[in-house]
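Enquirer: Okay, predicted coordinates and the sequence, questions at the end:
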Amino acid sequence: MNQRNLSISTLLICFFQSAWSINFHVLGDFGQFPTDPSQAANYPNYKVADLMNKAASVTAIDFIISTGDNFYSNPDGLETLDDPRLDVMFNYTFKRPNIEVPWYLILGNHDCYAPDITLQTQVHTKYAQWNMPDTYYTKVVPLESGKSALFIYLNGCVLTAKDPDSDEKDDLKKYHFDAASMYDGQKSWLIDQLTKYENDSTIAWRTVVI
């Protein structure tokens, strides 16, 4: 197998031991999957899934957050809902008894090169664990205390194209959209969301996923 080096972001397990507790795993830069399920165990993300499953056997998790780069190379991004890598992801690599929980995902720079980045917002129609209702969105999670946790998920494609230090700005403009032109819209929306929940006493935790 000709496999390039793959760096998977550090797995984070967040525990808050109180009536306001919420437990989840965070990972990113994990999206290199084979199209052949028999090869799944040869990829680094398979070993990460093993560790996640073992950790979740000790303390159960409520969900998984992806910080993007859900699909790497051949091609970058997702081009069809029939992509066999989706099947490998959910039915092989991450099919473990302790981590079959909802996923909440955002787009990373590698996801931006697909012909239609909004395709990832439709994956839930085939795989119920996948949650990305829009390219940026909010999720309010109820806690046992009666409080809630707020998660604000941002579109990484927009941020990549706007970043003055990014070497991908011009590359992205050659594709299907100019993400930089979408930056102001997302920024305005983010400010609105933060303002909306700023004084909401029912929100115990506020997290922006980027």
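Expert: On my side now, so go ahead. Numbers count the residues shown, from 1 in each chain.
Enquirer: those strands in the chain, which residues are they?
Expert: 12-14, 24-27, 63-66, 103-105, 130-131, 137-142, 148-153, 203-209 (DSSP state E).
Enquirer: got the ones you listed as a markdown table, with distance to residue 183 and mean neighbour count columns?
Expert: Placement of C-beta: from N, CA and C, glycine included. Formatted as a markdown table, these follow (distance: least, C-beta to C-beta, whole Å; neighbours: other C-beta atoms under 10 Å):
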| stretch | distance to residue 183 | mean neighbour count |
| --- | --- | --- |
| strand 12-14 | 27 | 14 |
| strand 24-27 | 24 | 21 |
| strand 63-66 | 22 | 22 |
| strand 103-105 | 20 | 22 |
| strand 130-131 | 24 | 20 |
| strand 137-142 | 17 | 16 |
| strand 148-153 | 16 | 20 |
| strand 203-209 | 15 | 17 |
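Enquirer: Next, format the ones you listed as a markdown table and append mean pLDDT.
Expert: As requested, these are exported to a markdown table (pLDDT from 0 to 100):
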| stretch | mean pLDDT |
| --- | --- |
| strand 12-14 | 51 |
| strand 24-27 | 94 |
| strand 63-66 | 97 |
| strand 103-105 | 98 |
| strand 130-131 | 98 |
| strand 137-142 | 96 |
| strand 148-153 | 96 |
| strand 203-209 | 93 |
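Enquirer: Output those in CSV; the columns should cover distance to residue 42.
Expert: Compiled in CSV, the strands of the chain are given as follows (distance: least, C-beta to C-beta, whole Å):
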stretch, distance to residue 42
strand 12-14, 25
strand 24-27, 19
strand 63-66, 21
strand 103-105, 23
strand 130-131, 24
strand 137-142, 33
strand 148-153, 31
strand 203-209, 29
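Enquirer: Can you say which of those strands is nearest to residue 77?
Expert: strand 103-105 (12.7 Å; C-beta to C-beta).
Enquirer: could you say what helices and strands that closest one packs with?
Expert: strand 63-66, strand 130-131, strand 148-153 (3 or more C-beta pairs under 8 Å, 6 or more residues apart in numbering; DSSP states H and E).
Enquirer: now with 7 Å?
Expert: strand 63-66, strand 130-131 (3 or more C-beta pairs under 7 Å, 6 or more residues apart in numbering; DSSP states H and E).
Enquirer: Name every strand pairing with the longest one and say which way it goes.
Expert: Here the strand partners of strand 63-66, with direction, are listed using DSSP bridges: strand 24-27 (parallel), strand 103-105 (parallel).
Enquirer: contact partners of the shortest one?
Expert: It stands for strand 103-105. 63, 64, 65, 66, 70, 129, 130, 131, 132, 139, 151, 153 (C-beta atoms under 7 Å, 6 or more residues apart in numbering).
Enquirer: give the contact list for the fifth one.
Expert: By that I understand residue 70. Applying C-beta under 7 Å, 6+ apart, the residues near residue 70 are 31, 105, 108, 111, 120.
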